[in-house]
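J.: sharing a sequence plus its predicted fold:
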Amino acid sequence: MTPTLHSTGNAAYRRPNLVSITFLTTLCLAMGDVREYSEVSEDRTEPFSQTEIQARLQRSRMEEFNAINSSVPLDKLVVPPDDDIRILMRPLARDRRVREDRDLMPIALRPEVPEEEVTTQEVLAVRQTAHSVSYTINIPDPQIPDRRVVCIVFYDPASDNQILVNRSHVPFTISRISHEPEESRGVQFTINPDFRKPLAPGTWRINMDGTDLLDFRLLERPPMRQRLLSSSPPNTSGPSDVVNSTGKRSFIASDDDGNPEKRQRPSGIDADKKEDSVIVFIPPNAAPNGKELVAATGHPFLDLQPNETLEITKGGGVVGCTLTMQDRIASSTLSSVFTAQNSAIRGRSVVVKVVNTTLAPGQKANEGALASKVISQAQTWLREVENHAKLEHKNIVHLYGGDARFLSLYMEPVLIPNLAALRTSGTDLFSGDRSDALRILEDTTDALEYLHRLRLEHNDIRPANILFSRERGAVLCDLGHSTENGQRSPGGTPWYMPPEYIGLRQRGPPSDVWALGVVMLYVMGKLSLPESRSNRKHPRYLFWTIAHVHEKSPQLQATAIQRMRTWLNEVTAVRNGLDVRDKLERLVHGMLGPNPKERLTMKDIVSELFAEQEG
């Protein structure tokens, strides 16, 4: 009797010929479903449909393809050096795919040592663009949505490490599977929800509930080279005397990380620039032989010195633009600010602000502190770029663009001092007069009323963030703490926080009004510069950390609240002494109302100023 293939269906019995048996046997072998045919069977059979045959053959090819691919470790794949690729990924579970993203692309890479029958490997690659400070890995679970893997990988422009944050609802483990260095192989961590972990370059594996889901390889930053390219010095038209006169005093304390440090927000790159880049240092008197020197380390913008030029090259070594540093304005543990010539912006001078992700000297070096700073600074940069890009106002510094790869921004060079720099030494009182104070109020309220109409809040109004000259007027800068209405801002400067923050943790447009009211007390000569009180040698030293006002530690909270109330009492005493018959003092009195619902709005102030001017 002829042997037959059989199924449990009710189709009529069919006796296949030898060709049919050979074909179906091959199909079963391809599917990994090997059956014995020595046994005689009279069972009724049912043929497979053409669709089912094609589907099973395709599945067989995919399984074979995946088996071949997984035989070559991600560490052994050669990555193009000029593509800004920061992550390679290979899904491991058949039913768990990585969700698509605009920065995610399939790519064919060859192994370092070509293997037989394997020429290239298909993997997923993530490029860091000029717009991305992080990448979100998302692996849905079609059966249990709450058990999907979601993690964010933040890039650090000053290090090859990347910071992984678990945004899943459940923990997962990551283990290092790179062969080098040998001592790190097999290292394993459990990452709980909302916890973060700095990871070194190499290949790691994500496992959830005993199932391997993803291998991912973190790559180093694109190479940074120092070259001797030109014997002629770059264009280094020096900054104006105004910039020299302000110097580092232009950037006064702000409560960003709990310390009264000098700071200024980032600065960046052409908004339309989307190409890949490599940083090249060009000394001012370099020889024209094009010789490469030792590779630069750290953050290329922060390592830059006056009269040195950076080449930001596109993929393949093509020069995208050059940046020649002119004069350093300020430098702190949070950021560096300098003027430069940027060829991408028609060769004009720009102000460059670069966010610093490294820890402050003396700050305890630990993974948690480093991870927190990288994430916080990346979010600060992103917030400022997104909000500042919406603005076009004569009393707000113009933003040309930014580059996430360096956490940098390029801005209009408003080379005039800020209000904190315009003070008399010894007294720390504003050096201007009443007409200056009125002009500052007019210009700043006009800018803030524009912001509030766009449903944005500045959240860090203070003298150092208002530039001023009698020719240009007042110009608002630094939107690093800006938020859309309703969003909570983590930062600001202690002396400009409103009273409602103590009980309600409340910010918003009324908070900007209060802060400008305190600034006006300074420019009207009613108060010395509040930030001067942060100096421990000051006879009336007074400083607190904003975050401690709502700190869980009772002692820290009590100290912060007590100091904040001491300051608010001083402001109230000055407010009570204002002459409400005077138009300027009457407006400032209304700006410092203790109840935010009764406080003047920016629209109220602008309307009254224009009405009184017309009168």
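T.: Thanks, I have the structure now.
J.: which parts of the protein belong to which domain?
T.: Per the record, the chain has its domains at 18-69, 74-218, 224-411, 434-614, by automatic domain parsing.
J.: to residue 419, which of the ones you listed lies closest?
T.: Closest of those to residue 419 is domain 434-614, at 3.6 Å (criterion: CB to CB). In this view, the C-beta of every residue, glycine as well, is placed from N, C-alpha and C.
J.: can you tell me the average pLDDT over the closest one?
T.: Domain 434-614 comes out with an average pLDDT of 94.
J.: can you give me the helices in the protein?
T.: Ranges of helices within the chain are 18-30, 50-69, 241-246, 300-303, 367-388, 434-453, 500-504, 509-523, 554-576, 583-591, 602-614, based on DSSP state H.
J.: out of these, deepest packed?
T.: With neighbours taken as mean count of other CB atoms under 10 Å, the helices of the chain reach their highest mean count in helix 509-523, at a mean of 25.
J.: and that helix with helix 583-591, angle?
T.: Using axes from the mean of the first three to the mean of the last three CA atoms, to 10 degrees, the inter-axis angle of helix 509-523 relative to helix 583-591 is 140 degrees.
J.: now helix 509-523: how far from the chain's centre is it?
T.: Counting by CA atoms, centre = their mean, to the nearest Å, helix 509-523 is centred 29 Å from the centre of its parent chain.
J.: for it, packing partners?
T.: If contacts are counted by 3 or more CB pairs under 8 Å, 6 or more residues apart in numbering; DSSP states H and E, helix 509-523 sits against helix 434-453, strand 456-457, helix 500-504, helix 554-576, helix 583-591, helix 602-614.
J.: out of the ones you listed, which is closest to residue 127?
T.: Proximity to residue 127 (CB to CB) singles out strand 456-457 among those, at 30.4 Å.
J.: partner strands of that closest one, with direction?
T.: Looking at strand 456-457 with DSSP bridges, its partner strands are strand 483-484 (antiparallel).
J.: contacts for the strand it pairs with next, please.
T.: Here strand 483-484 makes contact (CB atoms under 8 Å, 6 or more residues apart in numbering) with 383, 387, 455-457, 459, 489, 507.
J.: just the closest of those residues to residue 346, please.
T.: Distances from those to residue 346 were compared by CB to CB; the smallest belongs to residue 387, at 25.0 Å.
J.: hang on, the earlier thing: could you dump the helices and strands packed on helix 509-523 to JSON lines with distance to residue 362?
T.: As requested, the helices and strands packed on helix 509-523 are exported to JSON lines (distance: least, CB to CB, whole Å):
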{"stretch": "helix 434-453", "distance to residue 362": "36"}
{"stretch": "strand 456-457", "distance to residue 362": "33"}
{"stretch": "helix 500-504", "distance to residue 362": "29"}
{"stretch": "helix 554-576", "distance to residue 362": "20"}
{"stretch": "helix 583-591", "distance to residue 362": "39"}
{"stretch": "helix 602-614", "distance to residue 362": "41"}
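J.: to residue 522, which of the ones you listed lies closest?
T.: Ranking the helices and strands packed on helix 509-523 by proximity to residue 522 (CB to CB) places helix 434-453 first, at 9.3 Å.
J.: the residue nearest the centre of the chain: what's it in contact with?
T.: Against the mean C-alpha coordinate of the chain, by CA atoms, centre = their mean, the closest residue is residue 378 at 2.5 Å. Counting by CB under 8 Å, 6+ apart, residue 378 touches 133-134, 154-155, 355, 357, 404, 407.
J.: between those, which sits nearest residue 86?
T.: For the contacts of residue 378, the nearest to residue 86 is residue 155 (6.3 Å; CB to CB).
J.: okay, now that closest one: neighbour count?
T.: The local packing of residue 155 (other CB atoms under 10 Å) involves 24 other residues.
J.: of the contacts of residue 378, which belong to strands?
T.: Of the contacts of residue 378, the ones assigned to strands by DSSP state E are 134, 154-155, 355.
J.: got the CA positions of stretch 569-587 in PDB?
T.: Provided in PDB are the C-alpha atoms of stretch 569-587 (Å, rounded to 0.1, in the frame of the first residue of the first chain):
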ATOM      1  CA  ASN A 569       9.000  89.800  54.500                       C
ATOM      2  CA  GLU A 570      11.800  92.000  53.200                       C
ATOM      3  CA  VAL A 571      10.100  92.400  49.800                       C
ATOM      4  CA  THR A 572       6.800  93.100  51.500                       C
ATOM      5  CA  ALA A 573       8.300  95.800  53.600                       C
ATOM      6  CA  VAL A 574       9.800  97.500  50.500                       C
ATOM      7  CA  ARG A 575       6.500  97.200  48.700                       C
ATOM      8  CA  ASN A 576       4.600  98.800  51.500                       C
ATOM      9  CA  GLY A 577       6.900 101.800  51.200                       C
ATOM     10  CA  LEU A 578       6.200 102.400  47.500                       C
ATOM     11  CA  ASP A 579       4.400 105.600  46.500                       C
ATOM     12  CA  VAL A 580       1.200 104.400  44.700                       C
ATOM     13  CA  ARG A 581       0.700 108.000  43.400                       C
ATOM     14  CA  ASP A 582       3.800 107.500  41.200                       C
ATOM     15  CA  LYS A 583       2.900 105.500  38.000                       C
ATOM     16  CA  LEU A 584       6.000 103.400  38.100                       C
ATOM     17  CA  GLU A 585       5.800 102.600  41.800                       C
ATOM     18  CA  ARG A 586       2.100 101.900  41.600                       C
ATOM     19  CA  LEU A 587       2.600  99.300  38.800                       C
END
